[in-house]
Structures are given as structure tokens and as C-alpha cells.
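Novice: Kindly generate the corresponding structure for this input.
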Amino acid sequence: MNIIGIDVSRGHSQATLINDDFEKIQFNFKHNRSGFKQLSTYLTKETIVIFETTGVYSVQLARYLRENKTKFYELNPLEAKMRMATLRRNKTDVNDSLKLALLGLTQLDEVKRSRRRYFNPEYEPLRILALRYQELIRQRTWEINHLHSALELSFPELNDIFPCIRSVTALQVVRLYCHPDFLNGLTLKQMTDNVYQPISKHIKRTVVAGYCSQVWLAAKDSYPAIKADSIKIPIIAAYCDQITAANERIALVKKQLIRLATSLPEFKLICSLVPGS
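Specialist: This is a model prediction of the structure:
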């Protein structure tokens with residue numbers, strides 16, 4: 001049985017092969033077709049490859065080994081380093097690849113138990129979309145937080161009326177009236193008409209009127225930190241546009257997630273366990 005320990009870096013790896021005769025062979029290869037072809041010259045049916053997960057850098061290697069039907073164990077970096085700690089004398093990439101190979105020789109059962117377990121490829125698109133969904137939520141939260149901070153300068157009362165500005169109504173109100181001076185000379189009905197008209201397909205007028213009433217009254221007693229012609233005002237409008245765009249992207253990914261999930265066999269089973277589903 002041959003053991004290959006691989007220390008993965010960006011675009012290339014350093015490897016150590018320990019064969020049946022306990023000979024040590026060290027080599028480097030790039031993460032491209034020619035590099036993986038070079039790696040293949042060291043692989044046999046009995047070869048076991050061990051490496052640490054290094055995020056996106058190790059994905060190419062894992063894909064190649066799977067498609068080449070090579071047995072491999074991908075380890076959590078923290079656990080791998082803890083296991084290698086008793087063997088470590090100095091830190092070099094080549095030395096790490098040797099330590100990983102030695103783990104295969106001395107602690108193979110433990111390595112098997114602690115290896116990364118891959119999802120069925122059927123679920124990979126669902127995993128990718130779920131990560132994208134979480135990424136979009138984080139990005140939108142960043143925009144919302146910055147919008148709230150900006151409103152503390154232009155019209156702080158809006159933050160009390162709309163604790164989380166992401167709904168269609170909240171974004172439309174803030175986009176049009178992010179400064180109390182913008183309401184000067186307007187009646188409540190005029191304000192409500194201006195807010196309601198562009199979003200009438202999405203929300204009832206009574207809901208819009210309720211929020212507009214709160215904003216209209218708050219504007220009468222508001223004393224903002226900046227003037228209505230501040231450069232901050234168009235920035236606030238840009239935040240609203242970015243949050244609106246984020247809502248659309250999130251809705252699209254959510255729809256894709258649901259469509260994918262409903263095609264999987266577990267979906268019906270899970271639904272059958274939920275009352276009323």
C-alpha cells in the first residue's frame with residue numbers, strides 16, 4: 001500500500017509518497033491537467049492519498065481524485081495539525097506532506113473516522129445554492145445596517161418606524177422621504193399617493209397609509225444632523241436601490257432552492273412529518 005501525503009496550496013501542491021518499502025519520494029505538482037497527469041504517475045490501485053481541507057484550493061484535487069477513483073481522506077485542518085503535532089519538528093510545506101503521509105501509516109483507522117464526508121453529488125447544487133442564499137442574506141444585512149446608520153443623520157425617526165428596512169413599503173418611503181424637509185408643503189394624502197403608486201401591486205393602500213401617517217407626523221418634530229442637500233442623501237437612495245436588488249436576487253435563489261428540493265426524494269418524507277403540509 002502506497003501512502004501519499006499532500007500539502008495543498010493555491011494552484012499547486014507538495015507531496016510525499018511512502019511506498020511498501022518505506023521509501024520516501026517527494027515531488028511537486030500544479031493544479032492543472034499536466035500537473036494532475038504528473039500526480040497520476042505515482043498513483044496505483046492501492047494508493048491512499050491524505051490531505052487537509054484548504055477551502056477552495058483543495059477542491060480541484062478532490063475532484064481529480066474522485067474522478068480518478070483514487071481512495072483519499074480529506075482532513076479537517078485543526079484535527080490534522082493536532083495529530084501531526086507529536087511528529088512535527090519544524091514547519092515546512094514538504095515536512096507537512098511527510099507528516100500527512102506518516103499519519104496514514106500510523107493512524108489510518110483514526111484518519112478514516114475523522115475524514116471529511118462528501119454529500120451525494122445529487123445534493124451538490126442544493127448545497128451551492130444554500131451557500132449563495134446565505135451569502136446574499138449577509139450582503140443585504142450589511143446594506144441595511146449602513147442604511148440605518150445613514151438615517152441617524154438624515155431622519156432618525158425612520159429607524160424607529162422601520163426597525164428593519166427591507167420591505168417594499170419601507171424602502172419606498174425611505175427612498176422618497178429620507179429627510180423631513182422633503183415633506184414640507186405636502187399633505188398626508190399627497191405623501192401616501194406618492195409612496196403607494198409605484199408599489200400598488202405589492203401592498204394594500206391601508207398599510208401604506210398607516211406608515212405614511214407615522215412618518216408624516218414624525219417629520220414635524222424631527223431635527224436631523226444634516227441638511228436636505230447633503231451628499232449623504234443620494235447615498236441613502238443608493239442603499240435603498242441595492243437592498244431592493246438584493247431582495248430580488250434572494251427571491252430568485254429561494255425559488256431555485258425550493259424547485260431543487262422538491263425534486264429530491266427526502267422532500268416528500270419531510271413534508272409527510274409536518275402537520276398540515
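
Novice: give me every residue that touches I235.
Specialist: A150 (C-beta atoms under 8 Å, 6 or more residues apart in numbering). (Each C-beta comes from the backbone N, C-alpha and C, glycine too.)

Novice: On the pLDDT front, check it for me.
Specialist: On pLDDT, I235 comes in at 98.

Novice: any idea how far it is from H146?
Specialist: Distance, I235 to H146, by C-beta to C-beta, to the nearest Å: 9 Å.

Novice: how about the helices in the protein?
Specialist: Using DSSP state H, the helices of the chain run over 33-40, 59-67, 77-84, 93-106, 108-114, 124-154, 157-161, 168-176, 188-199, 205-221, 232-262, 265-273.

Novice: Could you save those helices as JSON lines and add columns showing distance to V8?
Specialist: JSON lines is the format used below for these (distance: least, C-beta to C-beta, whole Å):
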{"stretch": "helix 33-40", "distance to V8": "12"}
{"stretch": "helix 59-67", "distance to V8": "6"}
{"stretch": "helix 77-84", "distance to V8": "10"}
{"stretch": "helix 93-106", "distance to V8": "9"}
{"stretch": "helix 108-114", "distance to V8": "16"}
{"stretch": "helix 124-154", "distance to V8": "20"}
{"stretch": "helix 157-161", "distance to V8": "46"}
{"stretch": "helix 168-176", "distance to V8": "44"}
{"stretch": "helix 188-199", "distance to V8": "50"}
{"stretch": "helix 205-221", "distance to V8": "53"}
{"stretch": "helix 232-262", "distance to V8": "30"}
{"stretch": "helix 265-273", "distance to V8": "32"}
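
Novice: Any idea which of those helices gets closest to Q14?
Specialist: When the helices of the chain are compared by C-beta to C-beta, helix 93-106 sits nearest Q14, at 4.6 Å.

Novice: Perfect, that will be all.
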